[in-house]
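K.L.:
Here is my input, please return the structure:
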Amino acid sequence: MLPIYYTSHKRTLIWKRRRMSHIRARYHPFLFAMMALSAMAELGLSAFLVSKGNEQKIWPSARYHVLLIMFLFNASWTVLFSTVYLLYMVDGASHLLADMASSVAWLVVTITLWGTATGLMHHTRSGGNCANLPTLSECRQSLTVEALGWTELGLCSLNLLLTCAWIFTTRNKMGDSRRMV
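P.N.:
The predicted structure follows:
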């Protein structure tokens, strides 16, 4: 039972806090999990292609080799930080990395990395029509690397858009929305 000095206004604020965290809990962990899983797939494929190219010492171009290494870095970066954010959100404790400002900053850096790598890969990879090639050809693997890069860019952009929208709506309703947890 609430003490008498609690007004209906304070009960409404308590209710709003619960509702806002429920909204956050619906999409934020899901998007970070999707980002981590997609980056793990990207990491595996990129590592395979780099290993295969180093073993055979055959690269379509030096730029392609460097871009695959950049994709490896981007995938490692995304797996590490999205998993850390996901664990902090599931933990529910207040951590510096669970701060909304750090989340937005990390997403902006990640979007820049994925956008740069994927845009350059689009103009660097050899071929685009893999119709007459075997299913497990280098052409299809290159297309998959690029497709996973665009997927990561889209997931990061969607996450940033929804995070900024959440900050904007909760700032107007609750005052301080810098903390997620």
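K.L.:
Just give the number of residues close to residue 133.
P.N.:
12 (other CB atoms under 10 Å). Quick note: C-beta positions are derived from backbone N, CA and C, even for glycine.
K.L.:
For the chain, which element, helix or strand, carries the lowest mean pLDDT?
P.N.:
Lowest mean confidence among the helices and strands of the chain (mean pLDDT, DSSP states H and E): helix 8-56, at a mean of 74.
K.L.:
same question for stretch 130-148, mean pLDDT?
P.N.:
Average pLDDT, stretch 130-148: 83.
K.L.:
how long is that stretch from one end to the other?
P.N.:
17 Å (CA to CA, to the nearest Å).
K.L.:
Ignoring the adjacent residues along the chain, who's closest to residue 148?
P.N.:
Closest residue to residue 148 apart from its sequence neighbours, by CB to CB, 6 or more residues apart in numbering: residue 42 at 4.4 Å.
K.L.:
How about residue 116?
P.N.:
Nearest non-adjacent residue to residue 116, counting by CB to CB, 6+ apart: residue 70, 7.9 Å away.
K.L.:
Also residue 114?
P.N.:
Sequence neighbours aside, residue 153 is the residue nearest to residue 114 in space, at 4.3 Å (criterion: CB to CB, 6+ apart).
K.L.:
Give me the local confidence score for that neighbour.
P.N.:
Residue 153 is given a pLDDT of 96.
K.L.:
residues in contact with it?
P.N.:
111, 114, 115, 118 (CB atoms under 8 Å, 6 or more residues apart in numbering).
K.L.:
you'd agree the third one is in a strand?
P.N.:
No: counting by DSSP: H, G, I helix; E, B strand; the rest coil, residue 115 falls outside a strand, being helix.
K.L.:
sec struct for the nearest residue to it once chain neighbours are set aside, please.
P.N.:
Spatially, and ignoring its direct neighbours in sequence, residue 115 is nearest to residue 153 (5.5 Å; CB to CB, 6+ apart). At residue 153 the chain is in helix, as set by three-state DSSP.
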